[in-house]
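>>> structure here, sequence nowhere to be found:
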């Protein structure tokens, strides 16, 4: 199966999210409604690792595959998301920022109540693939080479130590990457990586630049249905793309300025 695949990007599942996570959160009831729609319409959620392996090695996918992914590692994924996923028998992928999770590696940067490692292990036991999302959730393309390698490899090593196996998939914090970042992720041992892009994923995007569509608190069930069916995505995210292009100019200028400063030093 080489056609486009919708990859859904969630963050927090919470009834009362804080201001930092509100826009990219969904309520438990909304998440349950959305997963029910996937089931009713014959979609089969698969893991990121399975999609990557199929596209890399020529394996088979279900007739209507979809990926359900979560970024960062918010506690509501376990509290509210896992029961719904288990009810439907759905696979999913959770990308964790290891320095945001509660426990020995916590750097205090988490934006809301985060998962602890026991909860991550319970998710991993229930068809939830655990992937990497850096250690402290920086804009990776703004880091120097040493800090970039540290963010990616430390995340990979912590997940491997805690779960007993190397994580296969990675998601770029904020969706930002570059050829240098993608190379660092590949060299760290990840088999595939997800960006954002707000478009369907295609095999031709390459294993380290697969695109996702954002699910927000404002995403109604009709819009959600259009997203998974691949209809009117460009229209839905036209404003996002305009803002992204404008910010990309600012970010490139910052990179040039930092490089010039390092050169002078």
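Received, thanks. Note that the coordinates shown come from a computational prediction; the quantities given were computed from them, not determined experimentally.
>>> where along this structure do the strands fall?
Taking DSSP state E, the strands of the chain run over residues 7-10, 12-13, 25-26, 44-45, 65-72, 92-96, 128-132, 169-171, 192-197, 210-214.
>>> winner for burial among the ones you listed?
Mean neighbour count (mean count of other Cβ atoms under 10 Å) peaks for strand 169-171 among the strands of the chain, with a mean of 30. Backbone N, C-alpha and C define where each C-beta goes, glycine included.
>>> run the chain-centre distance for that one.
Centre-to-centre, strand 169-171 and its host chain are 7 Å apart (Cα atoms, centre = their mean, to the nearest Å).
>>> all numbers from here: first residue = 250
All right, first residue 250 from here; so that's strand 418-420.
>>> packing partners for it?
Applying 3 or more Cβ pairs under 8 Å, 6 or more residues apart in numbering; DSSP states H and E, one finds that strand 418-420 makes contact with helix 297-306, strand 341-345, strand 377-381, strand 441-446.
>>> contacting residues around stretch 421-431?
Outside stretch 421-431, the residues within contact range by Cβ atoms under 8 Å, 6 or more residues apart in numbering are 320, 346, 382-383, 386-391, 394, 397, 434, 442-446, 457-458, 461, 500.
>>> show me the contacts for residue 354.
347-348, 384, 407.
>>> again, only this time at 10 Å
Residues in contact with residue 354 (Cβ atoms under 10 Å, 6 or more residues apart in numbering) are 346-348, 366, 384-385, 403-404, 407, 410-411.
>>> pLDDT weak spots in the stretch 250-399 of the chain?
250-251 (pLDDT under 70).
>>> okay, residue 479: pLDDT?
As predicted, residue 479 sits at a pLDDT of 87.
>>> circling back to that earlier point, any chance of the strands of the chain in a markdown table with distance to residue 452 as columns?
Below are those laid out as a markdown table (distance: least, Cβ to Cβ, whole Å):
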| stretch | distance to residue 452 |
| --- | --- |
| strand 256-259 | 13 |
| strand 261-262 | 30 |
| strand 274-275 | 29 |
| strand 293-294 | 18 |
| strand 314-321 | 12 |
| strand 341-345 | 18 |
| strand 377-381 | 19 |
| strand 418-420 | 16 |
| strand 441-446 | 11 |
| strand 459-463 | 9 |
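>>> among those strands, which is nearest residue 362?
Comparing the strands of the chain against residue 362 with Cβ to Cβ, the closest turns out to be strand 261-262 (9.1 Å).
>>> just checking, what packs against the closest one?
strand 274-275, helix 277-289, strand 314-321 (3 or more Cβ pairs under 10 Å, 6 or more residues apart in numbering; DSSP states H and E).
>>> could the ones you listed go into JSON lines alongside distance to residue 466?
Compiled in JSON lines, the helices and strands packed on strand 261-262 are given as follows (distance: least, Cβ to Cβ, whole Å):
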{"stretch": "strand 274-275", "distance to residue 466": "5"}
{"stretch": "helix 277-289", "distance to residue 466": "8"}
{"stretch": "strand 314-321", "distance to residue 466": "15"}
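>>> do you know which of these lies nearest residue 255?
It's strand 314-321; of the helices and strands packed on strand 261-262, that one is closest to residue 255 (Cβ to Cβ) at 5.1 Å.
>>> could you check the angle the closest one makes with helix 297-306?
Counting by axes from the mean of the first three to the mean of the last three Cα atoms, to 10 degrees, strand 314-321 lies at 130 degrees to helix 297-306.
>>> strand 314-321 vs strand 377-381, what angle?
50 degrees.
>>> give the next helix or strand downstream of strand 314-321.
helix 325 (DSSP states H and E).
>>> quick one: contacts of that next one?
Contacts of helix 325 (Cβ under 10 Å, 6+ apart): 259-264, 266, 270, 274-277, 280, 319, 331, 361-364.
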